[in-house]
Each structure stands twice: as structure tokens, then as C-alpha cells.
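Asks: have a look at this prediction, sequence included:
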Amino acid sequence: MKETMKKILEFRDERGWKPYHTPENLAKSISIEAAELLECFQWNHEFDPIHVNEELADVLIYCLQMVDVLGVDAKQIIFEKLEKNAVKYPVQK
Ligand SMILES: [Mg+2]
């Protein structure tokens, strides 16, 4: 994760994009890229796996940039949410 984050932030900083990466802009970008991912499945259930991977990567890249801008720990917030979800959706016995 650390190497991935370093690479993403280097890409952003080399292009001087950091000032534009506000939480609001990143949230919009995550939503736009999620729509592009959904578009891969528009009209039928067949899809191009390469295109899906590219759009999924776009979503993940923006999510990790938001993690950086908010100064939160991705692993920590994921684990906390999974704990909350486990309470909300208990395993059926
Ligand atoms: Mg895209």
C-alpha cells in the first residue's frame, strides 16, 4: 500500500494537480469514475475485463488520493467500517 500511495502521489505532484485535489473534487471524481465503471456493464452483462480494470483502477486511485488529503489511514477506516458492518449485518447462524 505504501509503495502504491507513493507512486500515485508522485504522479499527482509531478503534474502540479495537488491544489485541485480538494475533498469535494475528489469525491466528485470518485463518483464520476464509478459511473465509468458502471458504464462497462451498460446494456448487457458482458464486459471487457481490461476496460473494467482500468476504470476500477481510476476509482481506487481517487479513493487513495482522498485518503491522503483527509490524512486518514486507509487500513484503519476500512477495519472500523467492517466492524460496524459486522454489527449491522451479523452472520446468520
Ligand atoms: Mg476512467
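Replies: Now that the structure is in, tell me what you want to look at.
Asks: what residues does this structure put near the ion?
Replies: Residues of the chain lying close to the ion (CB under 5 Å from the ion) are 33, 36, 55, 58. Where C-beta positions appear, they are placed from N, C-alpha and C, glycine not excepted.
Asks: how many neighbours does the first one have?
Replies: Counted with other CB atoms under 10 Å, residues neighbouring residue 33 total 20.
Asks: please report the distance of it from residue 62.
Replies: Distance, residue 33 to residue 62, using CB to CB, to the nearest Å: 6 Å.
Asks: now swap in the second one and tell me
Replies: According to CB to CB, residue 36 stands 11 Å off from residue 62.
Asks: ok, those two, which is more surrounded?
Replies: A count of neighbours by other CB under 10 Å puts residue 62 above the other of residue 36 and residue 62, at 22 against 15.
Asks: remind me which residues of this protein are low pLDDT?
Replies: Within the chain, the stretches with pLDDT under 70 are 93.
Asks: check it for its longest helix and report it.
Replies: helix 49-70 (DSSP state H).
Asks: run through who's touching the helix or strand that comes right after it.
Replies: Going down the chain from helix 49-70, the next helix or strand is helix 74-88, by DSSP states H and E. Helix 74-88 is contacted from outside by 1, 64, 67, using CB atoms under 8 Å, 6 or more residues apart in numbering.
Asks: quick check: angle from helix 74-88 to helix 49-70?
Replies: Relative orientation of helix 74-88 versus helix 49-70 (axes from the mean of the first three to the mean of the last three CA atoms, to 10 degrees): 100 degrees.
Asks: distance from the chain centre to helix 74-88, please.
Replies: 16 Å (CA atoms, centre = their mean, to the nearest Å).
Asks: then stretch 7-24?
Replies: 15 Å.
Asks: stretch 83-92 now?
Replies: Distance, centroid of stretch 83-92 to centroid of chain: 23 Å (CA atoms, centre = their mean).
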